[in-house]
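In: Fold the following and give me the result.
(2 chains)
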Amino acid sequence: MYISYKWLLSYLPDLDNFEPQTIAVALTDSLAEVEGITYIRNGLKNIVSAEVKSKEPHPSNDKLSVCVVYDGREERTIICGAANVRVGQTVAVCLPGGSVLNPSEELGKQSIIKIEEKKIGSIASFGMICSAKELGLADDHDSILELEPEIQVGNEIVSTLTDIVFEIENKSISHRPDCFCHKGIARELSAILKIDFVDVKHEVSLIPTADMPIDVSVKVTESLCSRFCAITLSDVSVKDSPLWLKSRLTAVGIRSVNNIVDLTNFVMLDKGQPMHAFDYDKLSNNELTVRTAKKDEQLKALDNTTYTLDESMVVITDASNKPKSIAGLIGGLDSEISNETKNIVLEAATWEMYNIRRTSRQLGVRTEASMRFEKGLDPNNALDSLKSALFYVQDLAGGEVASPIIDVYPKPREEHKISLPMPMIKRFIGIDISKDNAIEMLELLGLTHLEEESSSGETELDTEIFEIPTFRNDLKIPQDLLEEIARLYGYDNIKPTLPEKDLKPSPTNKISKLNSKIRSILTSTGMDEVITYSFVNEKQYKVLNLSANSCLKIKNPISPELSLLRTSLIPGLISKLDYNTSQFDEFALFEIGRIIQKELDEEGIHKQPYKVSGVYYSKDSEEAFSKIKYYVESLLSKLNIPSISFSNEKLQDNSGLIKAMHPGRFCIVYSGTTQIGVLGELNLAAAHRLELDGRSSLFELDHQQLLELSSDYAQYKRISEYQFVNRDLSFWLTDDTNYDEIIKVINDLKRSTCTKG
Amino acid sequence: MANKSSTDTDELLSKLDDLFTKAKANIKSISSKEELELERIRYTGRKSELTSILRGIKDLSPEGKQAVGSRANEIRIQVDQLIDQKRDQLIQENIEKLSNAEKIDVTVPSQLKNGHQHIISQMQAKIEDIFQRMGFQVVYPYEIDTDYNNFQAVNIPEGHPARDSWDTFWTEDDHIAVTHTSSMQNRVLKSSEPPIRVIVPGRTFRHEATDARHEHTFTQVEGVYVDKGITFADMLGTLKAFFSEFFEKDIQIKFSPDFFPFVEPGGMISIDVSDFGDTFKEVTKGTGWLEILGCGMIHPKVLEMGGIDPNVYSGFAWGFGLERLVMPKFGIEDVRHFYKGDLAFIRQF
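Out: Next comes the predicted model:
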């Protein structure tokens, strides 16, 4: 959000004692971060308002004209290239020695051009008549900017054009609807800097002097539309806004359209209440109705987009029952204020925040208005803002009040009270601050201290009661007041303390402990740890021969590559393996992480067990299988997992990963009869699809089983007291006899005759 | 006879001396172990010259026998010694020769390498360690959780505008990829009586496009401290102590107001990264302050939903992005390095 320094000055006359940098720091420290300070139209120099006295064609260039302008002191000749220059116009003239902004550069990022006396053909030009772009007001550079005739000739106008704008980060004040306008920020600054805040109240007569009635009926609940105010004005003259208004709006990033539209925006930026103006003559039968939209009802809006609505949205219609505006969001194109508009309806309403937010999201459009309504506006601000708009419109566009003021406000919002036990400041914030000081702070923010109702005294029972203005609906509980006190005290002035603490040791997190063991064991074997996304895609599964059917889907993925939740760490690890093969000939990666299953646990949460997985790659070694087995065996033995065995009984597999493995080089890992994981070489077809040159292998282990089966320390076994003897035995075996089977036979020999060495 | 006998004795003794002289010279000139063995047999073996000389001893007088015998013995011992010495010398020479021949380039790096723990794991372990020393328990979050735990239980009702700050991934069955590890706060509060000191480090998700500063997946460390009489100033002190431990030096911090629905008052802690290189100057738009941690006093509603009486207890909570803390510490310029899996990155730590 952009906040203009000049605008603030209208509320804070003493603000000019503070440097912009100081103001920015004050706001950052006590309200919201100022992300930048911009000097608007910086560099403009020597520009005055002047009247065009005569215009003659240039003798040698028929695209130019030779004008004489009166700048308040003298008449000067200026050669001008714009077609729209006219005798009698008030224009902006840059005098020789002055400077304007470079019209060939992007608006808002323009550099400076110096203006000097210059001869064009045989005639000397003493200055330049400026276009809107040369003044940094708009993109138009084909014509000169015509100033309002009310402006006095000979006025220096640079000071009207320049400004200093603070860019305020919105997020940290998303709970402060009152701060989305200059008045709100000014009120804050007055409390932070302890300077006077002068509220501007415009007195306007609401007595109709013309007769153009408007019938308003609100057919939605009070919660959807808590207030609806409107008034009609007849015989307004729609025209360009005066220079000051254009300057104000463009400084804070709002395009100038015409005086009426500009004023509705002005009031919104000034007081925080979005407004809308309808062309009275485009509304059928002088009626406005607030109702919920019908399914598939359409409205072509001011942004030239046609929106398709539904029953959850609120619209404003006329007697034709056609939507003329989407409540709180955007007006309709066919009732917009145009140069032909004579009579207008000004509307200021308060819409429900949740509904506006939902509508805005659903339609994919976010406007300055919806951005404010979403925060939850104070309905009490609506009528004041409408009066303020009325004042400005009559001032700049004339017109007569043509209807009584309409104010549908069934349940006015009232001030509420908060009791603040004063000792809580010390007990909850930890600062020492006098009671008077704290009360003063809250009063500066617009709260009223109710002295009579408060129970004073320097005791624990010392509770002060405050009346909260309706624009501070965010203040609900004593803690909210404590925050106000703390931030005005200055968070940075709070002295850090440490809590008094018992000596209770914190319980160990077993998962954390196991993970650090696993990390240290696997890295000692030479494996490197990676972390991969929880998001995967079907392709990653398919390439490995695996099915992604059991993966939970993400409804709104960032991209199709990240649309599923992983059910194994292997697909992600294989992608990382693939990534590294161009640079490394041999490596091994592991990851410890959660997988996500469709199945829910008793709490209704998706089951998310941890896995420990690894992959190995070698460009030329044939050891892919033995390497991966080495990693697994090292891990299991260091974790003291008992009775490890390996089996290649495919049908026993619980992991579903066997399909990604070499059919002759995989195994299921057991501790006793418990399956704890799988390991094996990567399926050759998968390797081929991945265009992997060498050999790869992988493992995945069940973290929960490791947690249950591992023990901190190994069991001690007595060393045999008999001499160790080597015997070389040979067996005749069939080709498919496994090592394991032989060992089993040996191990099964009677312990009395044989001790495993 | 006596004369002949003494002549014979002298002759034998002189033969012995000649033999000894010859043996000494021969042994000296030998250059291999095999020759040395032949020489040993030649001088001291059963069929050696020494043996044949001694065969003449039987004709000698007892004195002669005595003299020749003892001389022969001396010579045998000495020859044996000479041979042993020579053998040692030959072995020594051999070893030297071999050693010289086996000279290698000792600057060539070894082949077997240890692997590397990911820097995020290392830093998470460090953070867990710091807080555990401060008496905090470590609890891990789920990656996928319910709307209730992620939002509602921390005072962000449905439709609340604050939800905009947490761009959310939804699963097909309307669960949430947790946007912060505050998703565990309600469970933590419910699980035990105060004092409660818990940190929740874990994986979190935000639905946003990835660039050098933003990742849709990152690690957050949430912390909760609830007890009687806990203050806002206590929170500041606790977090300050943590930062000093983590960065292993005194870090300047700035504390400013911020809004999070689950805390009141709420704040943002920024750290001074002006010493951390140019990358971070850019990030902070030249101010040197990097926003690092959102925090505040736990909202009474959140305490209530966690079954804790806010009139008796107070507490604070915070959350920070681990990557955001690790990046300035190591001068890492691009957050995407962490999940890329590039060994060129991983192996640096």
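
In: From here on, just use CA atoms for contacts and neighbour counts.
Out: Fine.

In: Could you count how many residues lie near A:Arg361?
Out: Residues contacting A:Arg361 under the criterion other Cα atoms under 10 Å in any protein chain shown number 11.

In: For the host helix or strand of it, output the C-alpha coordinates as PDB.
Out: According to DSSP states H and E, A:Arg361 maps onto helix A:353-363. The C-alpha coordinates for helix A:353-363 follow below in PDB (Å, rounded to 0.1, in the frame of the first residue of the first chain):
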ATOM      1  CA  MET A 353     -15.600  -9.600   4.700                       C
ATOM      2  CA  TYR A 354     -15.900 -13.400   4.200                       C
ATOM      3  CA  ASN A 355     -18.300 -13.000   1.400                       C
ATOM      4  CA  ILE A 356     -16.200 -10.500  -0.500                       C
ATOM      5  CA  ARG A 357     -13.100 -12.500  -0.100                       C
ATOM      6  CA  ARG A 358     -14.800 -15.600  -1.400                       C
ATOM      7  CA  THR A 359     -16.300 -13.800  -4.300                       C
ATOM      8  CA  SER A 360     -13.100 -12.200  -5.200                       C
ATOM      9  CA  ARG A 361     -11.200 -15.500  -5.100                       C
ATOM     10  CA  GLN A 362     -13.900 -17.300  -7.100                       C
ATOM     11  CA  LEU A 363     -14.000 -14.600  -9.800                       C
END
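
In: That one and chain B in contact?
Out: Yes. Residues of helix A:353-363 contacting chain B under Cα under 8 Å from any Cα of the partner chain: A:353-354, A:357-358.

In: how about B:Asp10, secondary structure?
Out: For B:Asp10, the secondary structure call by DSSP: H, G, I helix; E, B strand; the rest coil comes out as helix.

In: whoops, A:Leu390 was the one
Out: helix.

In: For burial, what's the neighbour tally of it?
Out: 28.

In: Quickly note the distance from it to A:Asp215.
Out: 19 Å (Cα to Cα, to the nearest Å).

In: farthest pair in the residues of helix A:353-363 next to chain B?
Out: Greatest spatial distance among the residues of helix A:353-363 next to chain B (Cα to Cα): A:Met353 and A:Arg358, at 8.6 Å.

In: Just want to know which of these two has more residues nearby.
Out: Each of A:Met353 and A:Arg358 has its neighbours counted (other Cα under 10 Å); A:Met353 has more, 24 against 17.

In: Could you verify my assumption that the more buried one touches A:Asp378?
Out: No. At 10.8 Å, A:Met353 does not count as touching A:Asp378 under the criterion of Cα atoms under 8 Å.

In: Could you find the closest non-adjacent residue to residue 126?
Out: Since no chain was named, I'll use chain A. Leaving aside its chain neighbours, A:Phe126 sits nearest to A:Glu117 (4.9 Å; criterion: Cα to Cα, 6 or more residues apart in numbering or on different chains).

In: looking at chain B here, not the other one
Out: B:Phe246 is the one closest to B:Lys126 (Cα to Cα, 6+ apart), at 7.6 Å.

In: residues near that neighbour, how many?
Out: Neighbours around B:Phe246, by other Cα under 10 Å: 18.

In: you'd agree it is up against B:Ala125?
Out: No. Applying Cα under 8 Å, one finds B:Phe246 not in contact with B:Ala125, separated by 11.1 Å.

In: residues in contact with A:Gly253?
Out: A:Tyr2 (Cα atoms under 8 Å, 6 or more residues apart in numbering or on different chains).

In: can you rerun that using 10 Å?
Out: A:1-3, A:108, A:165, A:247 (Cα atoms under 10 Å, 6 or more residues apart in numbering or on different chains).

In: What strand or helix carries it?
Out: With DSSP H and E as the criterion, A:Gly253 is inside neither a helix nor a strand.

In: Also B:Glu215?
Out: Applying DSSP H and E, one finds B:Glu215 in no helix or strand.

In: for the one 4 residues further on, same thing?
Out: For B:Thr219, the host element (DSSP H and E) is strand B:217-227.

In: Tell me the first helix or strand C-terminal of that strand.
Out: helix B:232-247.

In: So for the next helix or strand after that next one, mean pLDDT?
Out: Where DSSP H and E defines the elements, the next helix or strand beyond helix B:232-247 is strand B:253-257. For strand B:253-257, the mean pLDDT works out to 92.

In: what's the neighbour count on residue 265?
Out: Using chain A. Using other Cα under 10 Å: A:Asn265 sits among 24 other residues.

In: that's the other chain; I wanted chain B
Out: B:Pro265 has 28 nearby residues by other Cα under 10 Å.

In: do A:Met422 as well
Out: A:Met422 has 24 neighbours, counted by other Cα under 10 Å.

In: for A:Ile439, same thing?
Out: The burial count for A:Ile439: 18, using other Cα under 10 Å.

In: ok, and the closest non-adjacent residue to it?
Out: A:His449 (7.0 Å).

In: Now do the domain split for chain B, please.
Out: B:2-101, B:119-346 (automatic domain parsing).

In: One more: chain A?
Out: According to automatic domain parsing, the domains of chain A span A:2-37+A:164-193, A:45-161, A:215-408, A:418-493, A:510-709.

In: Next, see if the shortest one gets close to chain B.
Out: I take that to be domain A:2-37+A:164-193. Yes. Applying Cα under 10 Å from any Cα of the partner chain, one finds domain A:2-37+A:164-193 touching chain B at A:27-33, A:35-36, A:171-176.

In: May I have the phi/psi pair for A:Ala82?
Out: Backbone geometry at A:Ala82, expressed as degrees, to the nearest 10, gives phi -90, psi 140.

In: How about the contacts made by the closest residue to it other than its chain neighbours?
Out: Using Cα to Cα, 6+ apart and skipping the chain neighbours, the partner closest in space to A:Ala82 is A:Ser143 (5.0 Å). By Cα under 10 Å, 6+ apart, the residues touching A:Ser143 are A:80-85, A:129-133.

In: Also A:Glu484?
Out: With contact set as Cα under 10 Å, 6+ apart, A:Glu484 has these partners: A:30-31, A:438, A:441-442, A:445, A:475, A:490, B:257, B:265.

In: Show residues contacting the lowest-mean-pLDDT helix or strand in chain B.
Out: Lowest by mean pLDDT, DSSP states H and E among the helices and strands of chain B is helix B:278-283, with a mean of 73. Helix B:278-283 is contacted by residues B:213, B:272-275, B:286-290, B:327-328, B:331-334 when judged by Cα under 10 Å, 6+ apart.

In: what's the neighbour count on B:Leu325?
Out: So B:Leu325, with other Cα under 10 Å, has 19 neighbours.

In: buried residues in stretch A:543-551?
Out: By neighbour count with 16 or more other Cα atoms under 10 Å in any protein chain shown, stretch A:543-551 contains the buried residues A:543-548, A:551.

In: between these, which is nearest A:Thr567?
Out: Using Cα to Cα, the buried residues of stretch A:543-551 come closest to A:Thr567 at A:Cys551, 6.0 Å.

In: Surely the closest one touches A:Leu562?
Out: No. The pair A:Cys551 / A:Leu562 is not scored as a contact, 11.7 Å apart, by Cα atoms under 10 Å.
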